[in-house]
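Student: pasting the structure only:
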């Protein structure tokens, strides 16, 4: 059954009004920008596809020369709405053609899509829009340059279709003779595109927009070219997804352009306010707006000046350089640049971000821990345990644990032999088991659930005494002493807290079951991280 869903904000301002004048650079840019969280019943609903499209629309308006009348913005569109949007875009481009071709500015069409897709096409609800149809629709729009940015799973499949020859570097200058197309995709043809709660966006779009706002301007000229934006998004997306559950994500591209120069995607000098990071500042920096929303992040190398194009307002910039974390709170004014140097920052103790969702794996040197535990049981004396733990990723750990000691006892009446029975059991001569832990996010204390299974060696001593001895008949107490092995299991909850870089202190409680029944146990753990590396997660 086809699912009906809301189709919001079909902005077709393209149909009315005269064509705007050509920009001073001789380029007129048009765009269709779409975001779709729902990709059919068989796929999970995305959280950030629509907001990704909104943010891309905003940066293209702020810095990319995109006028309000030249954009179609689609939020959760149907297949029909996407087709109608492309048709409307084509009509608007055709309406800009002047009477004399010599006076015609170069026209560029940008199509951006964030949502679900597969190896055959874009998934809009229960419908599919094939890559071949999309490329044909773009070719049918009479623009000089066509740029498509697809942030979706398997979107790299569009680059396999015939019709393009890769050229380096990317195109674009103000030459009216520039012709061709550029397809940028967030993943390879056989990869998933990922989004993260930590950044509140998809990885690719987040880093693409960070690059467009100035993080990718390696030349320092105040503009970001298509080549610079793609290279920045590629490097950051790959680097930040290597340790995620979805695996490394490799953005792809297909370029077929004829002309000279570079395609300028954003001009940082056109924004109402600017933030400049001075040469003496270094580290990975995270910029948040007045509502504490993460706007962008940038790796700031020393001796390089970086200019960022932003809206006026108050921001927080927090940077981490090795062991040091420091922050500044600039207020940007319309029409002015604010320069931040190292002296404008103050030290802070907090981390730049709190890991949520698909966080990177912890540094290799901090993934291994040895620990010692002292504990007690409701049926036992004290016990001690030694464990070796290895983190597979930021949430999942596997370990080997050895418990020793703990005597438990119980009494009962044997109705068959009419005797009073008292049994004393050494509950744990030893219990060796494989443990599995699943951590929840949080720092510096991280709760977890655990479970383990393995052989237990039990020493049992049973003492039997007659309850009603017959007079004058000597009765001997019967004592049996056995040692055996059996399968034991344990499950429960715990919390680990970091004490500096290498030490942890934790508590844990659980239920252990061996042959005679279960017991509630609790203990305090002391851990030591092996190897080097940065502050571990967890």
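Tutor: Cool, got the structure. No experiment lies behind these values; they were computed from the predicted model shown.

Student: from what I can see residue 206 touches residue 197, true?
Tutor: No. The pair residue 206 / residue 197 is not scored as a contact, 11.9 Å apart, by Cβ atoms under 8 Å. Bear in mind the C-beta positions are built from the backbone N, C-alpha and C, glycine included.

Student: just for the stretch 301-450 of the chain, where's the confidence low?
Tutor: Counting by pLDDT under 70, the ranges of the stretch 301-450 of the chain that qualify are 350-366, 378-381, 406-429, 441-444.

Student: Strands of that one, start to end?
Tutor: 306-310, 313-314, 316-321, 324-328, 331-332, 336-340, 346-348, 368-377, 380-391, 396-404, 407-414, 419-439, 445-466 (DSSP state E, counting those that start in this stretch).

Student: who wins for proximity to residue 526 among these?
Tutor: Closest to residue 526 of those is strand 368-377 (Cβ to Cβ; 5.2 Å).

Student: I would like the residues contacting the closest one, please.
Tutor: 382-391, 406, 408, 427, 504, 506, 508, 512, 519-531 (Cβ atoms under 8 Å, 6 or more residues apart in numbering).

Student: swap in stretch 35-52?
Tutor: With Cβ under 8 Å, 6+ apart as the criterion, stretch 35-52 contacts 3, 5, 53-54, 74-77, 113-117, 122-126, 151, 195, 197, 200-202, 205-206.

Student: now that stretch: how far from the chain's centre is it?
Tutor: 16 Å (Cα atoms, centre = their mean, to the nearest Å).

Student: From the opening residue of that stretch to its closing one, how far?
Tutor: 7 Å (Cα to Cα, to the nearest Å).

Student: Okay, buried residues for that stretch please.
Tutor: 35-40, 46-52 (16 or more other Cβ atoms under 10 Å).

Student: Pipe those residues into JSON lines and attach distance to residue 269 and secondary structure per row.
Tutor: Shown next, in JSON lines, are the buried residues of stretch 35-52 (distance: Cβ to Cβ, whole Å; DSSP: H, G, I helix; E, B strand; the rest coil):
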{"residue": "35", "distance to residue 269": "28", "secondary structure": "strand"}
{"residue": "36", "distance to residue 269": "34", "secondary structure": "coil"}
{"residue": "37", "distance to residue 269": "35", "secondary structure": "coil"}
{"residue": "38", "distance to residue 269": "39", "secondary structure": "coil"}
{"residue": "39", "distance to residue 269": "39", "secondary structure": "coil"}
{"residue": "40", "distance to residue 269": "43", "secondary structure": "coil"}
{"residue": "46", "distance to residue 269": "34", "secondary structure": "coil"}
{"residue": "47", "distance to residue 269": "34", "secondary structure": "coil"}
{"residue": "48", "distance to residue 269": "30", "secondary structure": "coil"}
{"residue": "49", "distance to residue 269": "31", "secondary structure": "helix"}
{"residue": "50", "distance to residue 269": "30", "secondary structure": "helix"}
{"residue": "51", "distance to residue 269": "27", "secondary structure": "helix"}
{"residue": "52", "distance to residue 269": "26", "secondary structure": "helix"}
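
Student: And these, which two are furthest apart?
Tutor: The widest separation within the buried residues of stretch 35-52 (Cβ to Cβ) is 20.2 Å, between 40 and 51.

Student: Let me have the buried residues of stretch 35-52 in TSV, extended by pLDDT and distance to residue 485.
Tutor: Listed next are those as TSV, based on pLDDT from 0 to 100; distance: Cβ to Cβ, whole Å:
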residue	pLDDT	distance to residue 485
35	95	60
36	93	58
37	92	54
38	90	55
39	85	53
40	83	53
46	90	51
47	91	50
48	92	53
49	93	55
50	94	59
51	94	57
52	94	57
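
Student: And residue 35, how far from residue 275?
Tutor: For residue 35, the distance to residue 275 (Cβ to Cβ, to the nearest Å) stands at 27 Å.

Student: can you give me the strands in the stretch 1-150 of the chain?
Tutor: Using DSSP E, counting those that start in this stretch, the strands found in the stretch 1-150 of the chain span residues 8-12, 27-35, 71-75, 106-114, 121-124, 127-130, 145-151.

Student: Turn these into CSV, including distance to residue 495.
Tutor: Putting the strands of the stretch 1-150 of the chain into CSV (distance: least, Cβ to Cβ, whole Å) gives the following:
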stretch, distance to residue 495
strand 8-12, 43
strand 27-35, 39
strand 71-75, 42
strand 106-114, 38
strand 121-124, 41
strand 127-130, 47
strand 145-151, 38
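
Student: Tell me which of those sits nearest to residue 255.
Tutor: strand 145-151 (9.9 Å).

Student: What's the first helix or strand after that closest one?
Tutor: strand 179-185 (DSSP states H and E).

Student: Just checking: what are the partner strands of the next helix-or-strand element following that next one?
Tutor: Toward the C-terminal end, the helix or strand that comes next after strand 179-185 (DSSP H and E) is strand 195-196. When pairs are called by DSSP bridges, strand 195-196 turns out to pair with strand 201-202 (antiparallel).

Student: and the next element down the chain from the strand it pairs with?
Tutor: Per DSSP H and E, the first helix or strand lying C-terminal to strand 201-202 is helix 203-210.

Student: Tell me what angle that next one forms with strand 145-151.
Tutor: On the basis of axes from the mean of the first three to the mean of the last three Cα atoms, to 10 degrees, helix 203-210 is oriented at 130 degrees to strand 145-151.

Student: who touches the next helix or strand after helix 203-210?
Tutor: Next along the chain after helix 203-210, taking DSSP H and E as the criterion, comes strand 223-225. Applying Cβ under 8 Å, 6+ apart, the external contacts of strand 223-225 come out as 63, 170, 172, 211-212, 214, 216-217, 262-269.

Student: domains for this structure, by residue range?
Tutor: The chain is divided into the following domains under automatic domain parsing: 8-194+250-260, 271-348, 364-408+427-459+487-530.

Student: deepest of these, which one?
Tutor: Greatest average neighbour count among those goes to domain 8-194+250-260 (a mean of 19), per mean count of other Cβ atoms under 10 Å.

Student: gap between that one and the chain center?
Tutor: 25 Å.

Student: quick one, which of the strands of the stretch 301-450 of the chain is nearest to residue 239?
Tutor: So among the strands of the stretch 301-450 of the chain, strand 316-321 is nearest, using Cβ to Cβ, at 15.2 Å.
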